[in-house]
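**Q** Based on what follows, work out the 3D shape:
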Amino acid sequence: MRYPDVSDEIYRNHYLKQDRGQSSTIVRVLLWASLPMVYIDYLFHGVTATFFVLLLLRMAIVVLSMLMLKRLASTPNPETLQRDMLLWIVPVLFTQFASNASMPSEYFGHYLIDTWLAMIYFIAIPLPLRALRAPMIVFVTASLCLLAYQHAALSAYTISVTSMLLAGAYSGHAISAYLHRYRRKILSAEQEMEHQSTIDPVTGVFNRREFMRISDSELQRHVRLGKSLSILVLDLDQLKQISDIHGHHAGDIVLVEVTRRMKRATRSYDCLARYGNEEFCILLPEAGAEDADRIAARTRATVLAMPVAYSGKELHVTVSLGVATMQEGDTASSMLQRADASLAKARVANDHAYDSVSGNEV
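**A** Prediction:
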């Protein structure tokens, strides 16, 4: 099954904690790798000016890495993580290139490290590929120029090293691109499944479980802030008759159209949910009794304004509404019980005014 891909912002924020941990691991590995690299520099250069220059560069990387570990412990967002890691990556690549440039021209061993670095760079560092490309392109290009300068004559070694560098960088980029796509697909599937578990498939509004979760959270918030909260319950009186006479598809059309009208009648921040087969609930934040009654009257008028068109027929729908406003000690369940009691009274009144058999207003 194909799911819509999540946006870059959602993707990067979701994996921020994981990427921050992976970045810390990479920085820590490089920090400890600096010690054997100093020893290798000493083996090639001895106690010379070149050795001390490289030593200063590597000590600077050590200090920078320690600072990076502290910053990564509390990186607040993906943009900061990307900026900090790039500020760390550039000096690391420059130091590696400086070490390469200091090696004897007959030595090719460091290019094996460069090939591994070019591949693992894209895979291990958890940044967007578009951010990682520029530093690596500069590094590989500079390494190839150094190779051409130190080994002007074409040879099997030169051709092999060139091929390995390019292949390493390309392979790392391709593997990283696949991993990013895989992680994005997993996140997209997870979010789609979460979305489907909270949404009514017919009307596209919240289902009962999600409505209760939101109601409990909002009630606690309103109690804490000392603000009013109301719940509106709406029942479609003749939905069963419409479905029995015209088919279940007609009932679905009525549900969708009534949902659209309720959205138009309520406020943009009200929470609408399908609570049962014929019943809808609307959570009204910061609405007292008068506000709730006014919204209920507007919702009723909007729903009853005109019949629902279906296959050239006009389906007349009637509704019953119940309202409850938060009282001291209330829970979401107790508010719904009072709203249901109010709804039951309204339903009895409607039963006296409408013919319950035909499904049409009389």
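
**Q** domain parsing for the protein?
**A** Listed domain ranges for the chain are 8-196, 208-353 (source: automatic domain parsing).

**Q** Quick check: the residue nearest to residue 179 when sequence neighbours are not counted vs residue 117, distance?
**A** The shortest distance from residue 179 to any non-neighbouring residue, by Cβ to Cβ, 6 or more residues apart in numbering, is to residue 123 (7.1 Å). Placement of C-beta: from N, CA and C, glycine included. To residue 117, residue 123 is 11 Å away according to Cβ to Cβ, to the nearest Å.

**Q** Where does pLDDT dip in this structure?
**A** Across the chain, the ranges flagged by pLDDT under 70 are 1-3, 151-154, 349-362.

**Q** So what does the residue nearest in space to the middle of it have for phi and psi?
**A** The centre of the chain sits closest to residue 10, judged by Cα atoms, centre = their mean, with a distance of 2.9 Å. The phi and psi torsions at residue 10 (degrees, to the nearest 10) take the values phi -60, psi -40.

**Q** before we move on, what about the one 5 residues further on?
**A** Taking degrees, to the nearest 10, you get phi -100, psi 10 for the backbone angles of residue 15.

**Q** name the element the closest residue to it other than its chain neighbours belongs to?
**A** Excluding the flanking residues, the one nearest residue 15 by Cβ to Cβ, 6+ apart is residue 183, at 6.7 Å. Element membership of residue 183, judged by DSSP states H and E, is helix 156-198.

**Q** ok, back up a step: so residue 123 and residue 117 - more neighbours on which side?
**A** residue 117 (22 against 15; other Cβ atoms under 10 Å).

**Q** That one belongs to a helix?
**A** Yes. Under DSSP: H, G, I helix; E, B strand; the rest coil, residue 117 sits within a helix.

**Q** okay, now the residue nearest to it when sequence neighbours are not counted: neighbour count?
**A** Of all residues not flanking residue 117 in the chain, residue 96 sits nearest, at 6.8 Å (Cβ to Cβ, 6+ apart). Residues near residue 96, counting by other Cβ under 10 Å, number 19.

**Q** just residue 21 next, same as before
**A** Residue 21 has 13 nearby residues by other Cβ under 10 Å.

**Q** looking just at contacts, which helices and strands does the helix or strand hosting it meet?
**A** In the assignment (DSSP H and E), residue 21 maps to helix 16-45. When contacts are defined as 3 or more Cβ pairs under 8 Å, 6 or more residues apart in numbering; DSSP states H and E, helix 16-45 packs onto helix 49-72, helix 78-102.

**Q** quick one: buried residues of that helix?
**A** Across helix 16-45, burial judged by 16 or more other Cβ atoms under 10 Å covers 16, 19-20, 23-24, 26-27, 30-31, 34, 37, 41, 44-45.

**Q** Stretch 101-120 now?
**A** 102, 103, 108, 110, 111, 114, 115, 117, 118, 119.
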